[in-house]
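Student: Provide a 3D model corresponding to the input given below.
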Amino acid sequence: MAGGVLSFPLTSFRDDGSLDPDGFRRHVADRIATGPGALFPACGTGEFFSLDEDEYRQVVTIAAEEAAGRLPVVAGTGYGWAQAVRFARVAEEAGADALLVLPHYLVAAPQDGLVAQLEQIAARTRLPLIAYQRGQVTLTAASVRRVAALPTVIGLKDGHSDLDRLQRLTLAAPAGFLFFNGAAIAEIQARAYATVGVPAYSSAVHAFAPEIANAFFTALRDGDEGTVDKLLRDFYVPFVELRDRVPGYGVSLVKAAARLRGHPVGPVRAPLTDPSAADLADLEPLLTAGLDLVGATL
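Tutor: Prediction:
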């Protein structure tokens, strides 16, 4: 999975809020055509939290059909462990290769509880699991050793960006345990994560501008610091500043950018809201500028 950008496709909805399977299939096929390292349907960017089980089944099935074994399909699951297991079983039947266990819902929990959550899910699905620490989920080095000892827990995605803590976790984990940079716009911190041994990262930008995402990935891999700095300075940092204006823009601004490029992804579902007219007016020239940097077009 470190061989390319990790793609988190958007879930397509119609204007009335219903699932648009055909639009999602086109969106996924377009993502796969750009050569990502893996596909992560129905995760945070894919609005897992707004999908019912039937919609989730359709989304994961389409992703697996389009991938056709050419790259791993890692579906999201989450909530409490009992509900996470229900989604996990659907993902198994739909053809997923692994699961990303999203942070549980609402309650804070001690380390024993965080480990038990993963133990309960692992005991009830054959699929490999990647734990996702973000929000109220923060694992200690001791907890990482415990979850890494579970035969089907294969990795950890980090969204906290606490590199001191993350370095402790990577040193505590056994050889072969996978780590992923899961910061909100991971490219901003990709160099920093790589210094502690975590080069693989997810890319929300890949959902609407794979040309930019792949250009950044290639420049970072090849040590082209000038291109990395230019893309960060002239696209990624301004995009993050725009994203930070409104809670939830980490998904809805990405969807808006995809719509600007003609991708059939539709609106977001509540409680998210689509960007305001003023923010869309700022998004379009920024997207154009980013594409100009890599020689692509809107």
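
Student: got the residue ranges for the strands in the stretch 51-200 of the chain?
Tutor: 74-77, 98-101, 129-133, 153-158, 178-181 (DSSP state E, counting those that start in this stretch).

Student: and among those, the most buried is which?
Tutor: Each of the strands of the stretch 51-200 of the chain was given a mean neighbour count from mean count of other Cβ atoms under 10 Å, and the largest, a mean of 29, is that of strand 74-77. All C-beta spots, glycine's among them, are computed from the backbone N, C-alpha and C.

Student: on contacts alone, who are the packing partners of it?
Tutor: helix 53-67, helix 81-94, strand 98-101 (3 or more Cβ pairs under 8 Å, 6 or more residues apart in numbering; DSSP states H and E).

Student: distance between it and the chain's centre?
Tutor: Relative to the centre of its chain, strand 74-77 is centred 10 Å away, using Cα atoms, centre = their mean, to the nearest Å.

Student: residues in contact with A91?
Tutor: When contacts are counted by Cβ atoms under 8 Å, 6 or more residues apart in numbering, A91 touches 56, 60, 75, 77, 99, 125, 127.

Student: hang on, the earlier thing: which stretch among the helices and strands packed on strand 74-77 comes nearest S161?
Tutor: In this view, the helices and strands packed on strand 74-77 are compared for proximity to S161 by Cβ to Cβ, and strand 98-101 is the closest at 17.7 Å.

Student: packing partners of the closest one?
Tutor: Counting by 3+ Cβ pairs under 8 Å, 6+ apart, strand 98-101 packs on strand 74-77, helix 81-94, helix 111-122, strand 129-133.

Student: and if we set it to 6 Å?
Tutor: For strand 98-101, the elements it packs on are strand 74-77, strand 129-133, judged by 3 or more Cβ pairs under 6 Å, 6 or more residues apart in numbering; DSSP states H and E.

Student: what about the shortest one, average pLDDT?
Tutor: Averaging the model's pLDDT scores along strand 74-77 yields 98.

Student: with the last one instead?
Tutor: The predicted model gives strand 129-133 an average pLDDT of 98.

Student: who touches that strand?
Tutor: Among residues not part of strand 129-133, those counted as contacts by Cβ atoms under 6 Å, 6 or more residues apart in numbering are 99-102, 118, 122, 139, 152-153, 155-158.

Student: ok, the shortest one next?
Tutor: Applying Cβ under 6 Å, 6+ apart, the set of residues contacting strand 74-77 from outside is 38, 40-43, 48, 60, 84, 87-88, 91, 96, 98-102.

Student: so where's the longest helix in the protein?
Tutor: In the chain, ranked by residue count with DSSP state H as the criterion, the top helix is helix 277-293.

Student: re the thing from before, out of the contacts of A91, who's nearest L231?
Tutor: A75 (29.7 Å).

Student: so who does F179 touch?
Tutor: Taking Cβ under 6 Å, 6+ apart, we find F179 in contact with 156, 170, 198.

Student: the last one and H206, how far apart?
Tutor: Read that as V198. Between V198 and H206 the distance, using Cβ to Cβ, to the nearest Å, works out to 18 Å.

Student: thanks a lot, catch you later.
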